[in-house]
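Q: predicted model, plus sequence, below.
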Amino acid sequence: MSEDWNTKYGTRRVRRDPPTLDEAIFAAVGITDDQNEQAEIAASLMGLPLETVQAEVKKLGRASARVASTRVIAGEQGAQRSIVVERRMVRKFGNDKRTGT
């Protein structure tokens, strides 16, 4: 999709592409850990039926569960140091529904 408008420098065009389903799910994962809420967020971003998105979220959830949150990258044999990369948990904002805080 694109939108055109005239400026004093001539016609300007902005291209607006909706997110892909993977991008929408990635964004939803960054917001919440609950798979049902992730599916709702991604479905609203994409304008797709909730059932379709829930199936994809579950597929990606199973795949990401197998991925370790800590990775060790060692240098060449006999290297003096190694690098450890850990996944940081996303900070949550707003009220917690369970505790009411």
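A: Received, thanks.
Q: would you confirm that A42 contacts A24?
A: Yes - under the contact definition of CB atoms under 8 Å, A42 touches A24, with a separation of 4.0 Å. Bear in mind the C-beta positions are built from the backbone N, C-alpha and C, glycine included.
Q: overlap in contacts, those two.
A: Common neighbours of A42 and A24, using CB atoms under 8 Å, 6 or more residues apart in numbering, are V53.
Q: who's more crowded, the two?
A: In this view A42 and A24 are compared by other CB atoms under 10 Å, and A42 has more residues nearby, 28 against 24.
Q: residues touching the more buried one, list them.
A: Taking CB under 8 Å, 6+ apart, we find A42 in contact with 21, 24-25, 27-28, 48, 53, 56-57.
Q: from T11, how far out is it?
A: Separation of A42 from T11 (CB to CB, to the nearest Å): 35 Å.
Q: circling back to that earlier point, filter the contacts of A42 down to the ones in helices?
A: In helices, defined here by DSSP state H, the members of the contacts of A42 are 21, 24-25, 27-28, 53, 56-57.
Q: next, format these as JSON lines and append pLDDT and distance to D4.
A: As requested, the ones in helices among the contacts of A42 are arranged in JSON lines below (pLDDT from 0 to 100; distance: CB to CB, whole Å):
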{"residue": "L21", "pLDDT": "88", "distance to D4": "28"}
{"residue": "A24", "pLDDT": "89", "distance to D4": "27"}
{"residue": "I25", "pLDDT": "89", "distance to D4": "32"}
{"residue": "A27", "pLDDT": "86", "distance to D4": "28"}
{"residue": "A28", "pLDDT": "88", "distance to D4": "32"}
{"residue": "V53", "pLDDT": "92", "distance to D4": "32"}
{"residue": "E56", "pLDDT": "90", "distance to D4": "34"}
{"residue": "V57", "pLDDT": "91", "distance to D4": "36"}
